[in-house]
Every structure is written in C-alpha cells, then in structure tokens.
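*Asks:* Just the structure for this:
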Amino acid sequence: MLFRSNNFAIQLVPNAPAVFNPGILNQDNTVNLAAAPASRGDVIQIFLTGLTTPVNVPVSVTIGTQSFSGNQLFYAGPVVSIPGLEQINVQVPPSLSFTGNSVNLSVCIPGSGSQQTCSASVPLYLH
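*Replies:* Residues are numbered from 1 along each chain as shown. Below you'll find the predicted structure:
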C-alpha cells in the first residue's frame, strides 16, 4: 500500500530560553519570592524552556552583573520527569553586591552569528 502526503514549507525560528515565573527554587526548595528570598552562596534551581536537548551549546546565567557558564553551572539539562522542562543549578555568588531585595537573572545561549539569545530578565530575590 502506498501513502502520499502533501508537501508544505514551514518556517523555523531560533531557540530562545525563557525562565518560568515563578521559576526559581531556593536551596531549601522553596519558591524564590520577595517573602522567601535566597541567600548569597546558596545553590538555586532555575526552571525554563528553550535550551537545546541534549544541551550541547554553551549556556550562561547572569545574576546581577556576574555571568556564569561551563563548569560554574552545577547542572544544565532536562528535568527527566517532565518533558519540555529544563533546569539549571547555579550558585548565587557569595560576594554579590546589590541594592534593594532583588537582582536581575537571565539565561543565554548562542544565537545567530556571534550574538547571544537571552531570556527576559526575572527577579532573583535575595536577603
């Protein structure tokens, strides 16, 4: 038996990371909120979508003015039990300086050419 299908063109768009809101867990597994902030030196979990799976591109996380990548990230990959959900574990810098109760956090992956494609910034609440 022979089956035929129509051919049609589709437009692909580049991958772009996006951090869920709320999408950050503190070291004690509480949701990172103004009322439940992380501490400097804590390892946080960032939940997002838009990484390539398997993660075979350099991923970087910017917390305030400091960027982390490679072996500075404890984990960057899929959440095995939830298809399409990805996770990055990174330490909040112990020496991070900030004013107020939060800093911006974003995740970047390589884009076209030498440009980075980054998520929108989300607040990381700290005390």
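*Asks:* strand partners of the helix or strand bottoming out on mean pLDDT in the chain, parallel vs antiparallel please.
*Replies:* Lowest on mean pLDDT, DSSP states H and E among the helices and strands of the chain sits strand 116-118, with a mean of 92. Strand 116-118 has its sheet partners listed here by DSSP bridges as strand 102-110 (antiparallel).
*Asks:* buried residues in the partner strand?
*Replies:* For strand 102-110, a neighbour-count test (16 or more other Cβ atoms under 10 Å) marks Ser102, Val103, Leu105, Ser106, Val107, Cys108, Ile109, Pro110 as buried. Yep, even glycine has a C-beta here, placed from its N, CA and C like the rest.
*Asks:* what's the answer for stretch 8-21, then?
*Replies:* Ala16, Pro17, Ala18, Val19.
*Asks:* Sitting in strands, which of the residues you listed do you find?
*Replies:* If you go by DSSP state E, the buried residues of stretch 8-21 have Ala18, Val19 in strands.
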